[in-house]
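Participant: dropping the sequence and predicted coords here.
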Amino acid sequence: MSAEQGHLRLLDGIGRLITGVGPPLRDAAVALDGQRIAWVGPARQGPPPELAARVGEREELGGALVTAGLVDAHTHPLYAGDRHAEIALRSTGATYTEIAAAGGGIGASVLATRAHPHDRLERETAARLRCWLVGGATTVEVKTGYHLDVEGELADVALLSRLRGRSELPDLAVTFLAAHAVPADHPGDADQYVEAAASWCAPAADAGADGVDVFCDQGYFTVEQARRILLAGRAAGLDLRIHADELAHSGGALLAAELGARSADHLLHVDERDAAALAAAGVVATLAPVTALGMGRMPPARMLRDSGVRLALASDHNPGTSGVMGMSLVVALAVSALGLSVDQALEAATRGGAAALGLDDRGTVEVGRRADLVAWDAEHEGAFAWAYGLQPRRVWRAGVPIEGPSP
Ligand code: NIG
Ligand code: FE
């Protein structure tokens, strides 16, 4: 053993380990070597001698359920203000589209966000993101989209890229979403805004964005406009994601398939033809049950799955339709509202999310994968669909247990 090799951390006394590959393991242990998983196996047997000799820290988990860290594949946590009054109005029958047309919606959050000092935005966004990690989500996709001008959107990408480096927050995948809406003060028409947003993709990539997204839907961006921006994003080296068919059957899913996007998100209005296209193109369907409940319509999760589409899950945290800052409630809703089994929901919240983000180093508990793990306050995964907000006992992010406010 070379002196540079550090000590291993042994997670022992795991009652039930959901590896994401094969059936759950009973009475298991996992050895972590720095940021990676070095060994997974029966607790009785323990790691092989060459690894056992390097174990420096041992954590006894008391029979807990352990899974890979959860992945939230779609969030909008960078904004100021709230739209609670609007949500109350929606509860009386006003629609998302009507409220947006009356000056609410994304436009209202844009005004509040632009008026907010950038240092406060950074602090408040970080405080939100901390909730995900404490709740067991170790990777979170985060979007810009509440500045909608070039300086603000690029500053948002830079802000999110800075937060990505912070070990007390989840790991982040940063998505550039200047095409969230046409801002009310844009001097030109929608097509001119689309040209502008397309030209911002390369600087967004330079500022640290991993992906580009478009709200391709009725009242927002057309399929042609979305294609224009996404092709510019692809040319800049960004992964493609699409808010697709959320408000109407508007063609976003087919566009995602045509362009080979990483994910098509929401999908409340898709049909079998859309599903077949997504499956054939290998596009992940990222479903957001909290938003779907708010919209009063569920995406056809089982039909998508039966058509061969891989699923991911998301809180879709945003000021207009979802205040949820974590993934365990989303897993519960994927069971009760989307009709998935607990196993399918957990798979979507781990491997599926990793696939939606193009991150093949995580999402399962296997040797060589990133050591993002959660010991839950339960002994069986069925607890997710009972607790509606199951909490972790302990969370490891890239091999390091998170400290601070007890989960
Ligand atoms: O994913 N659909 C677009 N974006 C959000 C809503 C954003 C907002 O209302 O502020 C969503 O649901
Ligand atoms: Fe969204």
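Facilitator: Done, it's in. Ligands and ions are numbered 1, 2, ... in the order given.
Participant: what residues does the chain put near ligand 1?
Facilitator: Within the chain, the positions lying close to ligand 1 (C-beta under 6 Å from any ligand atom) are 76, 105-106, 109, 215, 243, 246, 291, 316, 318-321. C-betas here are computed from N, CA, C, even on glycine.
Participant: just the ones of those residues in helices?
Facilitator: If you go by DSSP state H, the residues of the chain next to ligand 1 have 105-106, 109, 291 in helices.
Participant: just the buried subset of the residues you listed, please.
Facilitator: Buried by 16 or more other C-beta atoms under 10 Å: 105-106, 109, 291, out of these.
Participant: and which of those residues is nearest C201?
Facilitator: Taking C-beta to C-beta as the measure, I106 is the one of those closest to C201, at 19.6 Å.
Participant: that closest one is in contact with V182, isn't it?
Facilitator: No. Counting by C-beta atoms under 8 Å, I106 stays clear of V182, with 9.8 Å between them.
Participant: would V142 count as being in a strand?
Facilitator: Yes. Checked against DSSP: H, G, I helix; E, B strand; the rest coil, V142 lies within a strand.
Participant: contacting residues around it?
Facilitator: Counting by C-beta atoms under 8 Å, 6 or more residues apart in numbering, V142 touches 75-78, 129, 160, 163, 172-175.
Participant: and what of T286?
Facilitator: By C-beta under 8 Å, 6+ apart, the residues touching T286 are 73-74, 241, 263-266, 311-314, 353, 356.
Participant: and if you look at G251?
Facilitator: 216, 223, 244-245.
Participant: spit out the contact partners of R44.
Facilitator: For R44, the contact set (C-beta under 8 Å, 6+ apart) comprises D27.
Participant: tell me how many other residues crowd L357.
Facilitator: L357 has 30 neighbouring residues, counting by other C-beta atoms under 10 Å.
Participant: tell me how far it lies from H118.
Facilitator: L357 sits at a distance of 26 Å from H118 (criterion: C-beta to C-beta, to the nearest Å).
Participant: sorry, back to before: specify which member of the ones in helices among the residues of the chain next to ligand 1 is nearest to V55.
Facilitator: Closest to V55, out of all of those and judged by C-beta to C-beta, is T291, at 44.2 Å.
Participant: can you pull the contacts of the closest one?
Facilitator: Counting by C-beta under 8 Å, 6+ apart, T291 touches 246, 266, 316, 318, 321-322.
Participant: go again using 7 Å as the cut-off
Facilitator: Applying C-beta atoms under 7 Å, 6 or more residues apart in numbering, we find T291 in contact with 266, 316, 321-322.
Participant: tell me which entries of the contacts of G251 lie within strands.
Facilitator: Among the contacts of G251, the ones falling in strands (DSSP state E) are 216, 244.
Participant: the contacts of G251, buried ones only, as a ChimeraX selection?
Facilitator: In ChimeraX syntax, the buried subset of the contacts of G251 is picked out as below (16+ other C-beta under 10 Å):
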select :216,223,244,245
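Participant: how far away is the residue nearest to S161 when sequence neighbours are not counted from G165?
Facilitator: Nearest residue to S161, sequence neighbours excluded (C-beta to C-beta, 6 or more residues apart in numbering): G208, at 3.1 Å. To G165, G208 is 10 Å away according to C-beta to C-beta.
Participant: which one's more surrounded, the two?
Facilitator: The residue with more neighbours, out of G208 and G165, is G208; 18 against 10, by other C-beta under 10 Å.
Participant: mind checking pLDDT for that one?
Facilitator: You'll see G208 listed with a pLDDT of 98.
Participant: residues touching the closest residue to ligand 1 within the stretch 1-150 of the chain, list them.
Facilitator: Nearest residue of the stretch 1-150 of the chain to ligand 1 (C-beta to the nearest ligand atom) works out as I106 at 4.5 Å. I106 sits next to 100, 180-181, 320 when contact means C-beta under 7 Å, 6+ apart.
Participant: report how many residues lie close to the closest residue to M298 other than its chain neighbours.
Facilitator: Nearest residue to M298 in three dimensions, chain neighbours excluded: A292, at 5.1 Å (C-beta to C-beta, 6+ apart). Neighbour count for A292, taken as other C-beta under 10 Å: 23.
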